[in-house]
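whatever this is, show me its structure:
(one chain, ligands or ions: 1)
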Amino acid sequence: MSRIVYVNGDYVPEEEAKVSIFDRGFLMADGVYEVTSVLGGKLIDFDGHAKRLERSLTELDMAMPMSADDLLAIHRELVAKNGIDEGMIYLQVTRGAPGDRDFAFPPEDTPLTVVLFTQNKPGLADSPAAKKGISVISIPDIRWGRRDIKTTQLLYPSMGKMLAKKAGADDAWLVEDGLVTEGTSNNAYIVKGNQIITRQLSNDILHGITRAAVLKFAREAQMEVVERPFTIEEAQQADEAFVTSASTFVMPVVSVDGAALGDGTPGRVAARMREIYLDEMRKAAI
Ligand code: PDD
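Residues are numbered from 1 along each chain as shown. The predicted model follows:
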């Protein structure tokens, strides 16, 4: 069934949605995005995503195209129009379509392009992958230096996922100067005893909205959170590992570069954090 999507003020069937060939998102990857999950027809951590969107835009000298309340209304309208119970809302804002190709930014009054669409994923929270865990390989992190901005420059993460697939794995972890930065589309963690270890926030990684919530819940559950980088070797010797993102929540990692972690099944801490995250976020969903 065709989706109803949002493009620059209009709700239209996806076949009718149009963006200019001069759009800077298309020509220059000059745009930012957010992915917000939907559980029980409600939005998970909308405020966190709206705040990060504003930060990404500000870092790139773009203004919020509308208020967070107006964005919320569009998210809700799309959930309703498309009958989404479990899934995601994808939002993208680009620097607009100045009518030609030019490296220089267009005049400030050029309207930004705003596109949102739904992804229907029944069973998202009850994912079989979460019960089995995923395998990751390591690849060099050759992305640009502002990974804290959620831009649409996703070619290298896409290549990373393809490299993982070719190697028979599920995803890739990115390594810079011998240390894991994050996953291709998620934040990375290892568990040792009572410690959850994950890289500290900086321009080197995306400041995950799921990461913030999971670390808060971990501290409340008396786990010790240590924000520091770790190596692939350390991960291979950890008790367990996991990744977090808006689309996978907390996903156990059971092997790293072919080495099984623990007994090769999802760890207790990852399973517990997934359960707490889903319970708490469902309660707070709007
Ligand atoms: N990816 N790191 C990277 C590089 C990401 O692309 C993402 C999210 C995250 C996790 O952030 P959050 O918890 O806010 O979703 C970390 C989204 C889901 C995507 O590209 O589809």
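
can I get the strand or helix carrying L78 in PDB? Just the C-alpha atoms.
Assigned by DSSP states H and E, L78 belongs to helix 68-81. Written as PDB, here are the backbone C-alpha positions of helix 68-81 (Å, rounded to 0.1, in the frame of the first residue of the first chain):
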ATOM      1  CA  ALA A  68       9.400  21.300  17.700                       C
ATOM      2  CA  ASP A  69       5.600  21.400  18.400                       C
ATOM      3  CA  ASP A  70       4.900  21.700  14.700                       C
ATOM      4  CA  LEU A  71       7.300  18.800  13.900                       C
ATOM      5  CA  LEU A  72       5.600  16.700  16.600                       C
ATOM      6  CA  ALA A  73       2.200  17.400  15.000                       C
ATOM      7  CA  ILE A  74       3.600  16.200  11.600                       C
ATOM      8  CA  HIS A  75       5.000  13.100  13.100                       C
ATOM      9  CA  ARG A  76       1.700  12.300  14.800                       C
ATOM     10  CA  GLU A  77      -0.300  13.000  11.600                       C
ATOM     11  CA  LEU A  78       1.900  10.600   9.600                       C
ATOM     12  CA  VAL A  79       1.600   7.900  12.300                       C
ATOM     13  CA  ALA A  80      -2.200   8.300  12.100                       C
ATOM     14  CA  LYS A  81      -2.500   8.600   8.300                       C
END
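
show me what it is packed against.
strand 4-7, strand 10-13, strand 42-43, helix 46-59, strand 87-94, strand 113-120 (3 or more C-beta pairs under 8 Å, 6 or more residues apart in numbering; DSSP states H and E). (C-beta placed from N, C-alpha, C; glycine too.)

just say which of these is most tucked in.
strand 87-94 (a mean of 22; mean count of other C-beta atoms under 10 Å).

partner strands of that one and their direction?
strand 31-39 (antiparallel), strand 113-120 (antiparallel) (DSSP bridges).

including mean pLDDT and distance to the ligand, could those go into CSV?
Compiled in CSV, those are given as follows (pLDDT from 0 to 100; distance: least, C-beta to the nearest ligand atom, whole Å):
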stretch, mean pLDDT, distance to the ligand
strand 31-39, 98, 4
strand 113-120, 98, 10
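
among these, which is nearest K132?
Nearest to K132 among those is strand 31-39; the distance by C-beta to C-beta comes to 20.3 Å.

send me the closest one as PDB with only the CA atoms.
C-alpha atoms of strand 31-39 as PDB (Å, rounded to 0.1, in the frame of the first residue of the first chain):
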ATOM      1  CA  GLY A  31      21.200  17.900   4.900                       C
ATOM      2  CA  VAL A  32      20.600  16.400   8.300                       C
ATOM      3  CA  TYR A  33      18.200  13.700   9.400                       C
ATOM      4  CA  GLU A  34      16.500  12.000  12.400                       C
ATOM      5  CA  VAL A  35      15.000   8.600  12.900                       C
ATOM      6  CA  THR A  36      12.400   8.300  15.700                       C
ATOM      7  CA  SER A  37      10.800   5.000  16.500                       C
ATOM      8  CA  VAL A  38       7.100   4.400  17.100                       C
ATOM      9  CA  LEU A  39       5.900   1.800  19.600                       C
END
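
can you pull out the low-pLDDT segments for the stretch 1-150 of the chain?
Within the stretch 1-150 of the chain, the ranges that satisfy pLDDT under 70 run 1.

show me which residues of it are close to the ligand?
Those residues of the stretch 1-150 of the chain that sit near the ligand, judged by C-beta under 6 Å from any ligand atom, are V35.

repeat that with 8 Å
Y33, E34, V35, G48, H49, R52, M88, Y90, R147, K150 (C-beta under 8 Å from any ligand atom).

what bridges to the first one?
Yep, that's Y33 we're talking about. Where Y33 sits in a bridge, its partners, by DSSP bridges, are Q92.

can you report phi and psi for the residue nearest to E227 when sequence neighbours are not counted?
Excluding the flanking residues, the one nearest E227 by C-beta to C-beta, 6 or more residues apart in numbering is Q200, at 4.0 Å. Backbone torsions of Q200, given as degrees, to the nearest 10, read phi -70, psi 160.

that older thread, and of the residues of the stretch 1-150 of the chain next to the ligand, the nearest to I232?
Using C-beta to C-beta, R147 is the member of those that sits closest to I232, with 18.6 Å.

how about the closest one, what does it touch?
Neighbour list for R147: T181, E182, N203, D204, I205, L206 [criterion: C-beta atoms under 8 Å, 6 or more residues apart in numbering].

please enumerate the strands of the stretch 101-250 of the chain.
Taking DSSP state E, counting those that start in this stretch as the test, the strands found in the stretch 101-250 of the chain are 113-120, 134-140, 171-176, 179-183, 187-192, 195-198, 224-227, 240-245, 249-256.
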